[in-house]
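Engineer: What shape does this take:
(one chain, ligands or ions: 1)
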Amino acid sequence: MFSLTVLPRGTLSTALCLLLLRLSRRRSRLQRGLWALLPFLAGRCFLAWRRWYSAYGRHPGTAQQRALCFNPSVQAADFEERFIGKASSLKPRYDFIVIGSGSSGCAVAARLARAAPASVLLVEAGGEAQRSGKTQQARQAFSCWQSEIDWGFRSTPQQNLLPKGRVLDLERGKTLGGSSAINYNLWVHGAPQDFDRWETQYGCTGWSYKDVLPHFQCLERVSPDYSEARGKEGPIAVAKLFPALEEVEDFMKACEENADAQRVADYNAGSLAGVSPVQLCTDGTGGGRQDCFSTLVEPLLRSCPNFHVISETFCRRVLLEGSDGLKATGVELELRSGKILQVQCDKEVILSAGALLSPQLLMLSGIGDAKHLKEHGIPCVLDLPALGRNLSDHPILPVLVEMPDGRKLPSRFQNSCGTHGVYFWQSKIGQSREERLGKSMGSDLETIFNSRIELSLYPKVMVHELAALLSKLTADYRSWLPLRFLSDLALQWGRWKERSGDGAFSKALELMTILNHPQSRGAVKLRSADPHAAPAVDPNYLSEKEDVDAMVEAFRRMLRIFSAPSLAPYVYAFHPATPAVDATEAEISDYVRSSIRTTWHYSCTTRMGPATKENVCDPQGRVHGVKNLRVADAGLMPEVVSGNTHAACVMIGDRIGSFIVSEHAPKL
Ligand SMILES: Cc1cc2nc3c(=O)[nH]c(=O)nc-3n(C[C@H](O)[C@H](O)[C@H](O)COP(=O)(O)OP(=O)(O)OC[C@H]3O[C@@H](n4cnc5c(N)ncnc54)[C@H](O)[C@@H]3O)c2cc1C
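Structural biologist: Here you go, the predicted structure:
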């Protein structure tokens, strides 16, 4: 009469069903059946609730999504019509089309959308990771790597790294919010000198610190303990980790004791140099991520009816016309269904696909080094050899220690970003460069104090690698559900292990030093004319000796910090690969070459500046030689900023947006 196969899986609900069947023996068959169905229905409700909760409940930035759940009537229909992947709602033409919804793309699109009544389309190749709750915790950023929300790029073999020809994973966000949805949330403006140099040394008028500061201020909403000069009402919440951790205090003391550090109250208020707790894009409880889509774009979707967002839609190329000088007229899009269509723009196309993909899009559209385009059979419409050159990225060097038993990190570490303290300083190489150039460069090294550990050190943590591997496989074979299920299971297990606070995650500390002014430059090129092929990315790390020397100095200083009285009690053993204190220069530089990896700060590939052969865009982001086409992302930087690049990218988006609005203002 009643088959057990329809019961929900799990022993508890099965036992409950059997119990109810037994209790209800005296009732009619129908009553018995209904009673026995009860746990099944309860199980179903629970699962539905879990689904809802992970999609909407846990993500603090999605108030509107939550509102939709509670009030799924007219508003919801209206919202969904314009929001995410509804190809039917795409109009044939828009005033502005922005490609890429990352740190810069969201900022530029939001700026334009607010300039009603212009119509704006924001196109994103990735999906809506925010809804799954997967991106919520910055600390778990690494569980997004190699998953379907990472583009999964790899570098070309690096000739200056060890083992020779080492290939590095180059993660990059592929979702609404772009890399701001998978990054570590650190909020660093950069040094005032960086922006002043952009103007004086690279001819980027309008980018001095005085010019860019108001953009940082209007974007951020810092907690009251920061300087008066900081933004207090912007959409992106910025705070220190709260409550403060004693380990951070010990790290800061160690920097004072053994590394000549001074405390700095607010490194985003004029001078980077010194040691302090990190500032994170978070509400301060160590929790929710403030990705750019949730903070900048979502709140506008209802109030700006002409603002459309389409996700899971890939831009294949920019449409260019050449009768009266070269001019962008729209874009070619590939929808989720595989359908290819063209959308026209009346005013401008803005590329915000990031420093690796904006150059690729331009090349696929026929702009770039004519010889290189010819190799791939792409007709060249504009010879722009500088495109894709000058790639800059900050290499990062880790030193990892295992802590003694009984020195486990408190469980609140588990809910926070992995990076807790930061120390900006100047290397001897940096000082002599300043003397040579006769100008101040800001801080050239940034040491961060990290609770995230080297994945390969502890077998338990391998589960994360397994999860990442399985996710990658599922990205390729999406329809094979068992694999997907396995990957999710592994991921959940890893997260549970991490949360339990008892596992390997709580037993290691890391110092990492970022080289803020690398001299080495790489390049982004095409691998093929297929728009879906990954670009050939060669960061060319450590090709300049000065970079290796600065990293050797950084290594020695990290050992000094670990040996300071305040931090020494945390050190049980160094990672076995770490050179000894008395290691030779050659041994340390081998360690540097075998240990550095990316900080994901790819930039400078569509460099802005006057119309010379080194620059791709003018200081307002317009591609030299093309009308109605701009770039607004990390690629625009003439030189990478001294520090983590996210805040600078959001600022770039907002600044370019303001240029566009003032240029078109009378006509908007
Ligand atoms: C793992 C990781 C950790 C990081 N941690 C930090 C940190 O803690 N602090 C910090 O300051 N910086 C950090 N960064 C760097 C920072 O996040 C990036 O510099 C910044 O987000 C880059 O912004 P962007 O707008 O240039 O590009 P992105 O944010 O990468 O945006 C590009 C967007 O364009 C989309 N796109 C690309 N091509 C197409 C196409 N053809 N069609 C449609 N859409 C397309 C992409 O999917 C993506 O959404 C981190 C980065 C990563 C990857």
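Engineer: buried set for the lengthiest strand in the chain?
Structural biologist: Secondary structure of the chain per DSSP state E: the longest strand is strand 340-351. Within strand 340-351, the residues scored as buried using 16 or more other Cβ atoms under 10 Å are 343, 345, 347-351. Where you see a C-beta, it was placed from the backbone N, CA and C, and this is true even at glycine.
Engineer: for it, the distance to its chain's centre please.
Structural biologist: 25 Å (Cα atoms, centre = their mean, to the nearest Å).
Engineer: try stretch 616-623
Structural biologist: A distance of 24 Å separates the centroid of the chain from that of stretch 616-623, by Cα atoms, centre = their mean.
Engineer: Mind listing residues that contact that stretch?
Structural biologist: 203-207, 350, 359, 362, 367, 384, 386-387, 605-611, 624, 629-632, 635-636, 656, 659, 663 (Cβ atoms under 8 Å, 6 or more residues apart in numbering).
Engineer: got the end-to-end distance for that stretch?
Structural biologist: End-to-end distance for stretch 616-623, by Cα to Cα, to the nearest Å: 6 Å.
Engineer: what's the closest non-adjacent residue to the closest residue to the ligand within the chain?
Structural biologist: Going by Cβ to the nearest ligand atom, the ligand is nearest to Gly102 of the chain, at 1.8 Å. On the basis of Cβ to Cβ, 6 or more residues apart in numbering, the spatially nearest residue to Gly102 that is not a chain neighbour turns out to be Gly178, at 2.2 Å.
Engineer: ok, and what's touching whichever helix or strand Leu361 is part of?
Structural biologist: Leu361 belongs to helix 357-364 when elements are defined using DSSP states H and E. Residues outside helix 357-364 that contact it (Cβ under 8 Å, 6+ apart) are 99-100, 151, 172, 315-318, 351-353, 368, 372-373, 376, 378, 384, 387-388, 524-526, 529, 531, 535, 605-606, 616, 623, 631, 633, 635.
Engineer: name the helices or strands packed onto whatever helix or strand Ala107 lives in?
Structural biologist: Ala107 belongs to helix 103-114 when assigned by DSSP H and E. Using 3 or more Cβ pairs under 8 Å, 6 or more residues apart in numbering; DSSP states H and E, the elements in contact with helix 103-114 are strand 93-99, strand 120-123, helix 292, helix 298-301, helix 646-664.
Engineer: how about TSV for those, with mean neighbour count, mean pLDDT and distance to Trp145 added?
Structural biologist: Converted to TSV, the helices and strands packed on helix 103-114 look like this (neighbours: other Cβ atoms under 10 Å; pLDDT from 0 to 100; distance: least, Cβ to Cβ, whole Å):
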stretch	mean neighbour count	mean pLDDT	distance to Trp145
strand 93-99	25	97	23
strand 120-123	27	95	24
helix 292	33	95	19
helix 298-301	19	86	25
helix 646-664	24	97	16
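Engineer: Glu257 is nearest to which of the ones you listed?
Structural biologist: helix 646-664 (29.9 Å; Cβ to Cβ).
Engineer: List the contacts of stretch 219-232.
Structural biologist: Defining contact as Cβ under 8 Å, 6+ apart, one finds that stretch 219-232 is touched by 107, 187, 216-218, 233-240, 265-266, 268-270, 279, 284, 647, 650-651, 654.
Engineer: Among these, which are located in helices?
Structural biologist: Counted as lying in helices by DSSP state H, out of these, are 107, 216-218, 647, 650-651, 654.
Engineer: From the centroid of the chain, which residue is nearest?
Structural biologist: Among the residues of the chain, the one closest to the centroid is Ser179, at 2.5 Å (Cα atoms, centre = their mean).
Engineer: Chain neighbours aside, what residue packs nearest to that residue?
Structural biologist: Per Cβ to Cβ, 6+ apart, closest to Ser179 is Gly173, 3.8 Å.
Engineer: Now do the contacts for the one you found.
Structural biologist: Gly173 touches 102, 126, 144, 149-151, 179-183, counting by Cβ under 8 Å, 6+ apart.
Engineer: Helices - which of these land there?
Structural biologist: Going by DSSP H, the helices hold none of those.
Engineer: Out of the residues you listed, which end up buried?
Structural biologist: Among the contacts of Gly173, the ones that count as buried by 16+ other Cβ under 10 Å are 102, 126, 144, 149-151, 179-183.
Engineer: Just checking, which of the residues you listed comes out lowest on pLDDT?
Structural biologist: Among those, Cys144 carries the weakest pLDDT, at 74.
Engineer: now it, nearest residue through space, not along the chain?
Structural biologist: Cys144 sits nearest to Ile182 (Cβ to Cβ, 6+ apart), 4.3 Å away.
Engineer: check contacts around that neighbour.
Structural biologist: Ile182 makes contacts with 129, 135, 141, 144-145, 149-150, 171, 173, 175, as judged by Cβ under 8 Å, 6+ apart.
Engineer: end-to-end on stretch 626-636?
Structural biologist: When the termini of stretch 626-636 are compared using Cα to Cα, they are 16 Å apart.
Engineer: Just the buried residues of it, please?
Structural biologist: Neighbour-count burial for stretch 626-636, counted by 16+ other Cβ under 10 Å, picks out 626, 628-636.
Engineer: farthest pair in those?
Structural biologist: The farthest-apart pair in these, when distances are taken by Cβ to Cβ, is Asn628 and Ala634, at 22.0 Å.
Engineer: Buried residues in stretch 599-612, which are they?
Structural biologist: Going by 16+ other Cβ under 10 Å, stretch 599-612 has these buried residues: 599-609.
Engineer: Please go through the residues you listed and note which also touch the ligand.
Structural biologist: 600-601 (Cβ under 6 Å from any ligand atom).
Engineer: How about stretch 333-348 and the ligand, any contact?
Structural biologist: No. For a cut-off given as Cβ under 6 Å from any ligand atom, stretch 333-348 has no contacts with the ligand; the smallest distance is 7.9 Å.
Engineer: Output the contacting helices and strands for whichever helix in the chain runs longest.
Structural biologist: Longest helix in the chain by number of residues, with DSSP H as the criterion: helix 29-52. For helix 29-52, the elements it packs on are helix 11-23, judged by 3+ Cβ pairs under 8 Å, 6+ apart.
Engineer: Could you export stretch 442-449 as PDB, CA atoms only?
Structural biologist: Output of stretch 442-449 as PDB, limited to C-alpha atoms (Å, rounded to 0.1, in the frame of the first residue of the first chain):
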ATOM      1  CA  GLY A 442      55.000  54.900  -2.100                       C
ATOM      2  CA  SER A 443      55.600  51.600  -0.500                       C
ATOM      3  CA  ASP A 444      57.100  48.800  -2.600                       C
ATOM      4  CA  LEU A 445      56.500  45.800  -0.300                       C
ATOM      5  CA  GLU A 446      53.400  44.700   1.500                       C
ATOM      6  CA  THR A 447      53.600  42.000   4.100                       C
ATOM      7  CA  ILE A 448      50.300  40.500   5.100                       C
ATOM      8  CA  PHE A 449      49.500  38.300   8.100                       C
END
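Engineer: Around the ligand, which positions in the stretch 151-300 of the chain sit nearby?
Structural biologist: The stretch 151-300 of the chain has residues 171-174, 178-180, 182-186, 188 near the ligand, with proximity defined as Cβ under 6 Å from any ligand atom.
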